[in-house]
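In: Give me the fold of what follows.
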Amino acid sequence: MEYLVTMTTHVPDGTSDAAVEDKRAREAAHSLELAAEGHLRRLWRPPLRTGEWRTLGLFDAADRAELEAVLVSMPLRVWRTDEVATLSPHPNDPGPKARKAAPTHTPAGENEFFTTFTITAPPGTPRHVADATEASEADRARELAGQGNLVRLWTLSGEGRALGLWRAYDHADMQGILDSLPLRGWSDVETIPLARHPSDPGSDPR
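Out: Okay, the predicted model is just below:
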């Protein structure tokens, strides 16, 4: 099972800079170990307000109990609160190897984004129209995956909800990609730009 974990760290008042740096160094080293074990897939930084310390992590575990054991093993957990979202397979997901398989010449862009979709067909939509639109969406998803834009796609809990991981040049490029989706007119979409995390095991070397 895959899980997206929002990790928010609160350093206790009075903690020395040396103690913080030691904890962060041990966290980075342990992140490499978790990646080697196949539990930690990716790490990102979402947009932060002043004073915030927050990370998004993509984890793999057999179940919630194993995930909790993985999270507890991380040195920063003693200063952290974790919010877990269970990610289920999506029929249009290109799979974890999609980025490696994408043509290297494709201008997909280097910036990554998360999008949360909530899709609701208009009342009274005929079944054949819904089926045709969903089939067109699947075709477009395959095109975008082949171009390197769509990296992963998961189903979230709740009716019609999905999470996408994308690559694009910038926010305007990302918006254009979303507008090209056949289901866009039936979707509420939240887009989160992602910054590279220094301990991300899945980032490309620059």
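
In: Run a quick neighbour tally on the residue nearest to Trp79 when sequence neighbours are not counted.
Out: Distance criterion CB to CB, 6 or more residues apart in numbering; nearest residue to Trp79, sequence neighbours excluded, is Thr9 at 5.1 Å. Any C-beta I mention is one placed from the backbone N, CA and C, and that applies to glycine too. Number of residues near Thr9 (other CB atoms under 10 Å) recorded here: 19.

In: what does Ala28 give?
Out: 15.

In: so it, which of the three states?
Out: helix (DSSP: H, G, I helix; E, B strand; the rest coil).

In: which ones are touching it?
Out: Pro198, Ser199 (CB atoms under 8 Å, 6 or more residues apart in numbering).

In: how near is it to Phe117?
Out: 33 Å (CB to CB, to the nearest Å).

In: how far does stretch 168-187 stretch from start to finish?
Out: In stretch 168-187, first residue to last residue: 20 Å (CA to CA, to the nearest Å).

In: Could you list the residues in contact with that stretch?
Out: 107-111, 113, 115, 117-122, 133-134, 136-137, 140-141, 144, 149, 166, 189, 191, 193.

In: Sitting in helices, which of these do you find?
Out: In helices, judged by DSSP state H, the following of these are found: Thr133, Glu134, Ser136, Glu137, Arg140, Ala141, Leu144.

In: Can you tell me which of those residues is nearest Leu4?
Out: Ala141 (19.3 Å; CB to CB).

In: you'd agree that closest one is up against Asn92?
Out: Yes. Here Ala141 reaches Asn92: they are 4.0 Å apart, a contact under CB atoms under 8 Å.

In: Which residues are in contact with each of these two?
Out: With CB under 8 Å, 6+ apart, Ala141 and Asn92 have common neighbours Leu153.

In: neighbour count winner among those two?
Out: Neighbour comparison, Ala141 and Asn92: the larger count goes to Ala141, with 22 against 19 (by other CB under 10 Å).

In: Which of the ones in helices among the contacts of stretch 168-187 ranks first by neighbour count?
Out: Comparing those on neighbour count, Leu144 comes out first with 24 neighbours (neighbours: other CB under 10 Å).

In: list the contacts for it?
Out: Going by CB under 8 Å, 6+ apart, Leu144 touches Leu150, Ile177, Ser180.

In: For the last one, grab the count of nearby residues.
Out: The burial metric for Ser180, expressed as a neighbour count using other CB under 10 Å, is 12.

In: So it versus Gln147, what's the distance?
Out: From Ser180 to Gln147 the distance is 11 Å (CB to CB).

In: Give me the below-cutoff pLDDT ranges for this structure.
Out: 97-108, 204-206 (pLDDT under 70).

In: any idea where the helices of it begin and end?
Out: Using DSSP H, helices in the chain cover 17-36, 64-72, 98-101, 127-146, 171-179.

In: just so I know, which of those lies nearest Leu87?
Out: Of all the helices of the chain, helix 64-72 sits nearest to Leu87, with 11.3 Å by CB to CB.
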